[in-house]
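Participant: Sharing a sequence plus its predicted fold:
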Amino acid sequence: KDQGFQFIAVSIDGPDSIAQVQNYVRKFGYTFPVVLDSETAILERYNPRGDVPFSMVVNRKGMVVAKHQGYTPGDEVPLEAKLKKLLAEKGNAEAKPAATKIQWWPTEDAQLEGTQSLRYRYLHDNANNSDTDDGVHGIFNRLTINAVTDPFRMGIRADNTIFPGYDCDGDDCHWENDHRIERYWMNYKNWVMELRGGDFYHSMGRGLVFSIRKIDELGVDTTVRGGFARGMLGPVTLTAFGGLSNIKNVDTVFDQGLIPDPDDIIAGGEASLALPGNMAWAVRSTFVDYEDEEQPFDQKDLVLGTSFSAPKLSDSVSFYVEGAFINKYKTLRLIDKELDKSGYAAYTSLSLAPADGWVVLLEGKAYSRFEVRNPYDPYAKKLPTLYHEPPTLERFDQQVPGNRNSVGGKLRVEYYHKPSGMLFYSNTTGYSYGLEDLETGVERYDWVDTFGDDGHWMLHAYAGFEKRWTGGTFMQVSGGWRNEAPNKVA
């Protein structure tokens, strides 16, 4: 460290799991900085393939000189040699950090880098009651090029998809070859302001009001194509953005084939005030106009929200609370009849570290008719296109029923025994929820008493332990019980 070396960890946790990051750092006793990349901006910039774990080495000039994907025992040996060489190159005199200054124009140093991804997939059966689009071979190629000369960054991504041997049957062409410039961007950033043009990701708070991130585990890659501006005025940070939604057009997750962009109009903003004690208060809003002139109705969503965060209320306590209100403007085009509906959302989390190795996480949610989602097919059901991520209290790979109408909480307790390298944990999640029901006449955005006869309940409890050995060997054992059922059994 005295030679100028600094280790920084980056968390790509989103709204569903970001509350666990502080406890993760506490239980393992980490003292190095941990950056929260909730917008996945760092992931997209340095690791567009989304491989985890991922490491890179940045020299004194801020240039990336080494990258490594994954980990196998022995990887640390060449990494250590690389670091020692870099630290010895310029000597201790130049290791001292220079005074920070606002950078307005490009430096002499520039970088150009590219990432190439090639994937093959055999599409056996997409369960659409037709054999004409089954048994298809798919080749997916993605080329990303980044150019950086601080404080500017620009890039482009070209996606190419072909289905060799598949012939389209007239207008019924489920799998269609596609070649397009899927992403392009130009960003400018210094210590007081940030500007983005083209495609970008963005997330506010815990995702109640707006959140569009790169989530490779789920195959989600939606951006806003437009403009973004953020500026700092003392303790106040102001953010504004707007543009059109841009989805990943070739869907291989839900096997929906080539899907056009919905081109929904999105606009939003946020004002955040930094308070003493590393606390912050923020207000934010989002407006979405779902564009489709062929539909019998027109729908728009307006979401308003506020939050208070205290990540270091004390050395062992973190607290967060956020609330939001949504108004869904719905108009029947033919008779100009308004069918507006409103909803609300509240979320809170409390993290505790009562003793060495022990951490406790409490979370709660209360949502009613709360969903920012394109209402038109295929974006409504076949290829869900949402513009926010309210915490579900579940794991990211768990199918969650009725999150838009749900009330409940979660308790997670962990203990890390440092001498043995073992982690013990227990997790209990429970909530009531409501679903649309054709038999009872309950529609998607009707108000539902989740504790009443039309509601359902869910309880999930599990526990286990993890053991890690030096060299990367890892073992995990867990077990639990889960039940989902209606409140009233016929």
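Facilitator: Cool, the structure landed.

Participant: So what's the predicted local confidence for the residue nearest to Trp185 when sequence neighbours are not counted?
Facilitator: In this structure, Trp185 finds its nearest non-sequential neighbour in Gly198, 3.7 Å apart by C-beta to C-beta, 6 or more residues apart in numbering. (C-beta placed from N, C-alpha, C; glycine too.) According to the prediction, Gly198 has pLDDT 96.

Participant: Val283 too?
Facilitator: Taking Val283 on its own, its pLDDT is 98.

Participant: Does it belong to a helix, a strand or coil?
Facilitator: strand (DSSP: H, G, I helix; E, B strand; the rest coil).

Participant: Who are the contact partners of the residue nearest to Trp185?
Facilitator: Arg183, Tyr184, Trp185, Met186, Arg225 (C-beta atoms under 8 Å, 6 or more residues apart in numbering).

Participant: Report the beta-bridge partners for the closest residue to the fourth one other than its chain neighbours.
Facilitator: Yep, that's Met186 we're talking about. Distances taken as C-beta to C-beta, 6+ apart put Met154 closest to Met186, at 4.3 Å, once the chain neighbours are dropped. Following DSSP bridges, Met154 is listed with bridge partners Ala147, Met186.

Participant: and what of Ser203?
Facilitator: Ser211.

Participant: what's the answer for Ser432, then?
Facilitator: Going by DSSP bridges, Ser432 forms beta bridges with Val407, Trp457.

Participant: picking up where we left off before, return the backbone torsion pair for the residue nearest to Trp185.
Facilitator: Torsion angles at Gly198 (phi, psi; degrees, to the nearest 10) stand at phi 100, psi -140.

Participant: Check the one 10 residues further on too.
Facilitator: With angles defined as degrees, to the nearest 10, Leu208 shows backbone torsions of phi -70, psi -50.

Participant: In contact with it: list those residues for me.
Facilitator: Pro15, Val303, Gly305, Glu322, Gly323, Ala324, Ala345, Tyr347, Phe370, His388, Pro390.

Participant: Recalculate using a threshold of 7 Å.
Facilitator: Gly305, Glu322, Ala324, Ala345, Tyr347, His388, Pro390 (C-beta atoms under 7 Å, 6 or more residues apart in numbering).

Participant: Trp481 now?
Facilitator: Ala461.

Participant: Distance check, it against Ile259.
Facilitator: According to C-beta to C-beta, to the nearest Å, Trp481 and Ile259 sit 38 Å apart.

Participant: quick one on the thing from earlier: among the contacts of Gly198, which one has the most neighbours?
Facilitator: Within these, Arg183 tops the neighbour count with 22 neighbours, counted by other C-beta atoms under 10 Å.

Participant: ok, the host helix or strand of Glu113: who's next to it in the sheet?
Facilitator: Here Glu113 is covered by strand 111-123, with elements defined by DSSP states H and E. Under the criterion DSSP bridges, strand 111-123 sits next to strand 136-149 (antiparallel) in its sheet.

Participant: Tabulate the CA atom coordinates of the strand it pairs with in CSV.
Facilitator: Extracted as CSV, the C-alpha positions of strand 136-149 are listed here (Å, rounded to 0.1, in the frame of the first residue of the first chain):
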residue,chain,number,x,y,z
VAL,A,136,-33.2,-24.7,-35.0
HIS,A,137,-29.5,-24.0,-34.7
GLY,A,138,-28.6,-20.4,-33.6
ILE,A,139,-25.3,-18.6,-33.8
PHE,A,140,-25.1,-15.3,-31.8
ASN,A,141,-22.1,-13.0,-32.3
ARG,A,142,-21.5,-9.8,-30.4
LEU,A,143,-18.7,-7.3,-31.0
THR,A,144,-18.1,-4.4,-28.5
ILE,A,145,-15.6,-1.7,-29.1
ASN,A,146,-14.7,0.9,-26.5
ALA,A,147,-12.5,4.0,-27.0
VAL,A,148,-11.4,6.0,-23.9
THR,A,149,-9.6,9.3,-23.6
